[in-house]
Structure formats: C-alpha cells, structure tokens
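# Fold the following for me, if possible:
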Amino acid sequence: MGIWKAPPERIEELGAFFAAQAVVTHCYQRPKYPDWPYNLFTLVHARTLAECDALIAGLARQAKMDQYAVLYSHNEYKKTRLRYFTGDIEGGNAPRG
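Predicted coordinates:
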C-alpha cells in the first residue's frame, strides 16, 4: 500500500489520478493526525517487495509526489462473502460471545 502526504489543494487531483491507474485496486482518503501525516492510500498488488516498490515509485514519479511511504502486508486472509439465511443459527451454530 502506498501512503501519501497529499497537500490539501491536490487531494482531489491525486485521488482521481491514482484511482484511474490500472495498478491501483483501491484508493481512498483518510484524515491526517498529529502523529500520522498520511491522508491518501493506494492499494496495489505485487508478487515481490521489489515489484511493489517499483509500482509505487512509478506512481510517485507520474504524480510528482515525493512524500510517501510503503506499507507491506505479510499475511493474506481469505475473504468470503457474507452468507444470509444459511440455517446455521437454527442448527445450533450461533456465534457466541
């Protein structure tokens, strides 16, 4: 994930630019905090750290942005769709807690 210190006057421009890139699967804005200056997030997928770094560096060059960092995921958890009306609750498999 590329995380960006986007200037307020460029947030719309940069968000639209990143969102339009084929390598970006998710792009979203978040508030800045005193201890967290990043306000624009772009998710990319790569097979290696080097490939990920290259993708994000390429985005940075194209967007003329030099204030960014990269966060790497180390575990991938399978996503499953929410299933409605499965009968699990009636069958005694209700969530506990």
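
# tell me how far the ends of stretch 65-83 are from each other?
Start-to-end span of stretch 65-83 (CA to CA, to the nearest Å) is 42 Å.

# Can you give the contact residues for it?
1-6, 14, 37-38, 49, 52-53, 56, 59-60 (CB atoms under 8 Å, 6 or more residues apart in numbering). All C-beta atoms are positioned from the backbone trio N, CA, C, and that covers glycine.

# switch the cut-off to 7 Å
M1, G2, I3, W4, K5, Y38, L49, C52, D53, I56, A60 (CB atoms under 7 Å, 6 or more residues apart in numbering).

# so can I have CSV of those residues showing neighbour count?
Listed next are these as CSV, based on neighbours: other CB atoms under 10 Å:
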residue, neighbour count
M1, 15
G2, 26
I3, 19
W4, 27
K5, 14
Y38, 18
L49, 10
C52, 20
D53, 14
I56, 23
A60, 16
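
# Show only the entries of these found in helices.
L49, C52, D53, I56, A60 (DSSP state H).

# what's the nearest residue to the second one if we skip its chain neighbours?
Leaving out its chain neighbours, the residue that sits closest to C52 by CB to CB, 6 or more residues apart in numbering is A46, at 3.8 Å.

# can you check the first one too?
Ranked by CB to CB, 6+ apart and with sequence neighbours excluded, the top spatial neighbour of L49 is Y72, at 6.4 Å.

# circling back: could the ones in helices among the contacts of stretch 65-83 be laid out in CSV, adding pLDDT?
Conversion of these to CSV gives the following (pLDDT from 0 to 100):
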residue, pLDDT
L49, 93
C52, 95
D53, 97
I56, 98
A60, 98
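
# quick revisit: is it fair to say the residue nearest to L49 lies in a helix?
No. Secondary structure assignment places Y72 outside any helix; it is coil (DSSP: H, G, I helix; E, B strand; the rest coil).

# Quick check: it vs F41, distance?
To F41, Y72 is 14 Å away according to CB to CB, to the nearest Å.

# which of these two has more neighbours?
Legend: neighbour count by other CB atoms under 10 Å for Y72 and F41, higher for F41 (19 against 9).
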